[in-house]
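>>> sharing a model prediction with you, sequence too.
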Amino acid sequence: MEHETTDSRNNARLAILELANMISVPMSLNAVVRLNVADAIWQGGANTPLSASQILARIAPSGAGDPETLQRVLRVLSSYGVFAEHLNDADSSERKYSLTETGKTLATDSQGLSYAPYVLQHYQDALMRAWPLMHEMIVDSTSMPFVKANGEEAYCYYGKKPEMNELMLKAMSGISVPFMKAILHGYNGFDGVKRLVDVGGSTGDCLRMILQKYPSIVEGINFDLPEVVAKAPSIPGVTHVGGDMFKSIPGGDAIFMKWILTTWTDERCKLIMETCFKALPVGGKLIACEPVLPEKTDDSQRTRALLEGDIFVMTIYGGKHRTEQQFKQLGLSAGFPNFKPFYVDYFYTVLEFQK
Ligand SMILES: C[S@@+](CC[C@H](N)C(=O)[O-])C[C@H]1O[C@@H](n2cnc3c(N)ncnc32)[C@H](O)[C@@H]1O
């Protein structure tokens, strides 16, 4: 038995204390996003280091706030690289904060976009209610935490709550626009396509960007649930069509689909892909963009982001992140004989399934 005070025992205790208290990190992140701290510091690119009192004066001018509480939250998030902490050598009690590269992803850009709505989307009450029930689905595969907590599946639930629906739209736009820049730069699989259908296309942002780069695409169909397309903005060249991808999908010579398969079980993915197969001509491509899990588990930031995302979709949607092989098998099960992955982005992989 190792001695109780060896470094390795002490490090192990620290590691488990850190994990046990880890909830403080996302909850602090949620708090600063709710209070719009990133925009208060960013100020159109100034990013001047500010004290907690100065930030508080910008986000809560009533004067009722507590700078010390804000500073405690900023300190923990500085430790996780969201803020940079600037200490005053002459006065150790004075701390100022600016945004790091990570923190800047939360500041609203010139297009009105950021990753902030994606953060907020995760911590809505209905989603939070599902988390304490996660252990139940390990021992009972029929138990769905979100359904158990809220009485119905997530997308049906969002559809009935306009504020959740709108937050989802904003969250998707904030993530999709930077990703689409990467895919349009590194992947040329839209060459020759004339009619492109985006299945689960949300606001139609992805289609808008694809059509801007490929004027040869004469028609873009943004297909999503009726309540979602009802809120989508009008986009030149894009027709919004409401429907259910499990029943039928408008025909096109290629189908684009981003961040869809990940939120569904294998059985439901097979159904979606079979509907896509039917909507495509022979040789037509289903171009899916999904996070792809590495085979090997490690502690890199990318692997962690992918594994954490896997647990999120498992708990909220009953979906899963998959490996390349698992995607290939899914394609084969729905009838697609050809499969090719393209690693063009830090998070998503383009998966081409050809009929
Ligand atoms: C994770 S979001 C991805 C949105 C978009 N593709 C993107 O990446 O920005 C999943 C989308 O699937 C849509 N969706 C869910 N169930 C659907 C169904 N049965 N038929 C069509 N779309 C559906 C949701 O409304 C949502 O817009």
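Yes, it's here.

>>> near the ligand, which residues of the stretch 101-250 of the chain?
Residues of the stretch 101-250 of the chain lying close to the ligand (C-beta under 6 Å from any ligand atom) are Tyr155, Met172, Ser176, Gly200, Gly201, Ser202, Asp224, Leu225, Val228, Asp244, Met245, Phe246. Quick note: C-beta positions are derived from backbone N, CA and C, even for glycine.

>>> can you put the residues you listed in a markdown table and add neighbour count, secondary structure and pLDDT?
What follows is those, written out as a markdown table (neighbours: other C-beta atoms under 10 Å; DSSP: H, G, I helix; E, B strand; the rest coil; pLDDT from 0 to 100):
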| residue | neighbour count | secondary structure | pLDDT |
| --- | --- | --- | --- |
| Tyr155 | 18 | helix | 90 |
| Met172 | 22 | helix | 88 |
| Ser176 | 23 | helix | 86 |
| Gly200 | 22 | coil | 94 |
| Gly201 | 28 | coil | 93 |
| Ser202 | 24 | coil | 89 |
| Asp224 | 25 | strand | 95 |
| Leu225 | 18 | coil | 93 |
| Val228 | 24 | helix | 89 |
| Asp244 | 12 | coil | 95 |
| Met245 | 22 | coil | 95 |
| Phe246 | 12 | coil | 94 |
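
>>> farthest pair within these?
Spatial extent of those (C-beta to C-beta) is set by the pair Ser176 and Phe246 at 22.5 Å.

>>> phi, psi of Thr349?
Torsion angles at Thr349 (phi, psi; degrees, to the nearest 10) stand at phi -120, psi 140.

>>> same deal with Glu163?
With angles defined as degrees, to the nearest 10, Glu163 sits at phi -70, psi -30.

>>> got it, and Gly189?
Here is the backbone geometry of Gly189 (degrees, to the nearest 10): phi -70, psi 0.

>>> could you do the one 5 residues further on as well?
When quoted as degrees, to the nearest 10, the phi and psi of Lys194 stand at phi -110, psi -40.

>>> measure the nearest residue to it once chain neighbours are set aside to Ile287 for me?
Using C-beta to C-beta, 6 or more residues apart in numbering and skipping residues adjacent in sequence, the residue nearest Lys194 is Val218, 5.3 Å away. Noted for Val218: a distance of 18 Å to Ile287, by C-beta to C-beta, to the nearest Å.

>>> now Tyr123
Distance from Tyr123 to Ile287, by C-beta to C-beta: 32 Å.

>>> just want to know which of these two has more residues nearby.
More crowded of Tyr123 and Ile287, by other C-beta atoms under 10 Å: Ile287, with 23 against 15.

>>> so which elements touch whatever helix or strand the more buried one lives in?
Using DSSP states H and E, the element containing Ile287 is strand 285-293. If you count contacts as 3 or more C-beta pairs under 8 Å, 6 or more residues apart in numbering; DSSP states H and E, strand 285-293 packs onto strand 254-258, helix 266-279, helix 301-317, strand 322-323, helix 324-333, strand 348-354.
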